[in-house]
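Participant: Any chance you could fold what I've pasted below:
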Amino acid sequence: MKAIFSIYQQDLKRNTTNPAAMVIIIGLIILPSLYAWFNIKASWDPYGNTQGIAIAVVNKDKGTTLRGKEINIGEKIVASLKTNKKMGWTFVNESQAVEGVKHGDYYASVVIPEDFSRKIGTVVTGEPTKPEIIYTVNEKINAVAPKITSKGASGIVEEVGSNFVKTANGVIFKLFNELGIELEKELPTIEKVEELIFRLEKSFPNIKNAVNTALTDVNKSQNIVNQAQRNLPIVEEMAKDGQRLTEKINDVLNKSNKVMNKMSPNIKQDLESLRETAAAVQNASLNPASAEQALQRIQMAMPLDDSLIHLFERLNHLSNRNLFSAEIGNLKQVKSDLQQERPKEAERILSNMLNRYDQDIKPKVEEVIGKAKRDAENARSILNNGNNNIPDVQKVLNDAAKGLSIGKEDLLSIKQSLPAAEAKINDLADKIRTFESKTNIQDVINLLKNNYKEESEFFARPVKLKEHKLYPIPNYGSAMSPFYTTLALWVGALLLVSLMTVEVPDGDFRYKSYHIYFGRFLTFLTIALLQSAVVTLGDIFILKVYAADKLWFVLFSLLISAVFMLIVYTFVSVFGNIGKALAIVLLVLQISGSGGTFPIQVLPPFFQAISPFLPFTYAISLMREAVGGILRDIVQRDLIAMLVFAVIALVIGLALKKGINRLSSHFVKRVREGRLIH
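Facilitator: Residues are numbered from 1 along each chain as shown. Predicted coordinates:
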């Protein structure tokens, strides 16, 4: 032990009293920190400054006429982008965009074609054609910029889609709303007509008895007929109400038919939209830079899936036969798959539903829609029959009154007419009862009636993202400081072994191999610890890097620096210049395989396989704990791993240094004779 400290003390004395050596040593202490500081500052907030990334925007949209109204979606997109400061949107003509992207003036271009608005308008024609936005990117300018510009372009598409859903659904929901309100307004009249028909049905036995009695006792019949005539105003009012109701119901049915006819194509289109979302999410899962976009697509798809489930449940209810149980189950499974990030399974289910839509699902939808139409037609038929038959009943009562004055001959004629009138009233009452047993008119009103403005707004932007940061780090530079600080410490160790010798001066034979190994290591360790202190303290106090636990940030750095120095020092002490090469190779492998920049899960299998065996993996993890917030079990795992690497280095140094140095001494001597390699 005395010999070890003797070497260390001699190193300190010789170099602290030598101004030239001190200048070099101070430079070695400070230089690694510059490597870390410049890289951290350069990456401080790159995603917050994307407004400088120029994207050319070309609007060629000529607009279209939709239901007599002039629209130009391209102009709306341009107006929206002019208020969007997230990217450097530049509005130019097509030739300028092409040349600008080609020569690097713009990172990408977005072209809105001439037929953009027209294709969007085809959704109301029954044969919708999807519009396109042409996105061109120059990927050779920069590796990251295409990912950022792609997000900006996809944001345009999502904004257009959101506005379209809001507008289209607003029209549909408004029509439903008008039908529901109108039907609800006429509900008291409908109920009144039903009540009068049922009362008339119950009164017919009394009417027949009155006529029969009139044949035998005209005087007694006179009182009954007089009573019936007093009720004639009620019958007349009933006929008038029925006539008005029939006219309004005809109008409601015509509007309902239009809505029902659009239902089946809209269902298929919504299924296709869900399938495309699942496919896009599946593709995005292969590209880590699109992970956030994939999450947003999943969140936007959930309300559409819920809407389809709700629609099929209503159709199921109207069918009275659970025709759509399989479709409801499939859509619930799709929702679960998307939430659990299994887009492939979701796409398979949706593709299967679309493949059998025309042969299986569509006929069932049309069957239920047809049933609803028939029920509505029956209701109209019942009311029309009521309007047509009530005058007959009125005529019977009038004839009965005349019969009393005319005599027995006319009473016999009236008696003969009564069975036919009674049959018509009974038939009308039976149809009303049958209709009510199968369909609750209030359910129909509830289905149609809605607040169309709120629902269209909801489906345009159905999801509000509430972000919760478990370990908040205020900027990208602070988040990258564990990687660049760790990298700087390894670079610092490489600089030391490159400019300083690991051997004692020639001719000093009083020291054994392990004396030299430990004695000279203490000198390297001292400088390495000073490097670490300068790097981390500069991170905190000069760059203002965020660290949840600043003290541990410094202490972990000291430990990492000591272990790195031991590993690199051992390589060079045992293997000489070959050891320096080994340290550089290990540095290259660790930069790629430690997960310091990209998540290790997105790297090729080779780097995933070697990651657990690299010192950087655990060193960066330790520094991240200090920056974000410490979890004891993770720190414990990383500390144990770093100690294992230190023990391995010590074993190699103590076991191999003496033997390998003796074997390589002649080789080293010959190399130095060339006076190029020391």
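
Participant: doesn't residue 109 fall inside a helix?
Facilitator: No - with DSSP: H, G, I helix; E, B strand; the rest coil as the criterion, residue 109 is located in strand rather than a helix.

Participant: okay, now it: neighbour count?
Facilitator: 26 (other Cβ atoms under 10 Å). To be clear about C-beta, it is placed using only N, CA and C from the backbone, and glycine gets the same treatment.

Participant: give me the number of residues near residue 352?
Facilitator: By the criterion of other Cβ under 10 Å, residue 352 has 12 neighbours.

Participant: can you give me the end-to-end distance of stretch 41-51?
Facilitator: Terminal residues of stretch 41-51 lie 19 Å apart, using Cα to Cα, to the nearest Å.

Participant: Specify the local secondary structure of residue 323.
Facilitator: Taking three-state DSSP, the label given to residue 323 is coil.

Participant: That one: what's it in contact with?
Facilitator: Contact analysis of residue 323 by Cβ atoms under 8 Å, 6 or more residues apart in numbering lists 315, 316, 364, 367, 368.

Participant: mind listing the helices for the stretch 51-200 of the chain?
Facilitator: Applying DSSP state H, counting those that start in this stretch to the stretch 51-200 of the chain gives helices spanning 73-82, 94-102, 116-121, 145-185, 187-216.

Participant: and the ones you listed, which one's lowest on average pLDDT?
Facilitator: Per-stretch mean pLDDT for the helices of the stretch 51-200 of the chain is lowest at helix 145-185 (a mean of 58).

Participant: can you tell me the average pLDDT over the strand or helix carrying residue 420?
Facilitator: Per DSSP states H and E, residue 420 falls inside helix 408-438. The average pLDDT within helix 408-438 is 66.

Participant: Over to stretch 655-664?
Facilitator: Average pLDDT, stretch 655-664: 73.

Participant: on that earlier part again, turn the contacts of residue 323 into TSV, including secondary structure, neighbour count and distance to residue 635.
Facilitator: Shown next, in TSV, are these (DSSP: H, G, I helix; E, B strand; the rest coil; neighbours: other Cβ atoms under 10 Å; distance: Cβ to Cβ, whole Å):
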residue	secondary structure	neighbour count	distance to residue 635
315	helix	22	57
316	helix	18	56
364	helix	19	60
367	helix	14	65
368	helix	23	62
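
Participant: out of the residues you listed, what pair is the most spread apart?
Facilitator: Spatial extent of the contacts of residue 323 (Cβ to Cβ) is set by the pair 316 and 367 at 12.1 Å.

Participant: picking up where we left off before, looking at the contacts of residue 323, which one is closest to residue 563?
Facilitator: For the contacts of residue 323, the residue nearest residue 563 by Cβ to Cβ is residue 316; the value is 66.0 Å.

Participant: isn't that closest one right up against residue 328?
Facilitator: Yes - when contacts are counted by Cβ atoms under 8 Å, residue 316 is listed as touching residue 328 (7.0 Å).

Participant: Identify the contacts common to the two.
Facilitator: Overlap of the contact sets of residue 316 and residue 328 (by Cβ under 8 Å, 6+ apart) is empty.

Participant: ok so, going back, switch the contacts of residue 323 over to TSV; also include distance to residue 470 and pLDDT.
Facilitator: Output for those, formatted as TSV (distance: Cβ to Cβ, whole Å; pLDDT from 0 to 100):
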residue	distance to residue 470	pLDDT
315	43	76
316	42	76
364	47	81
367	51	79
368	48	75
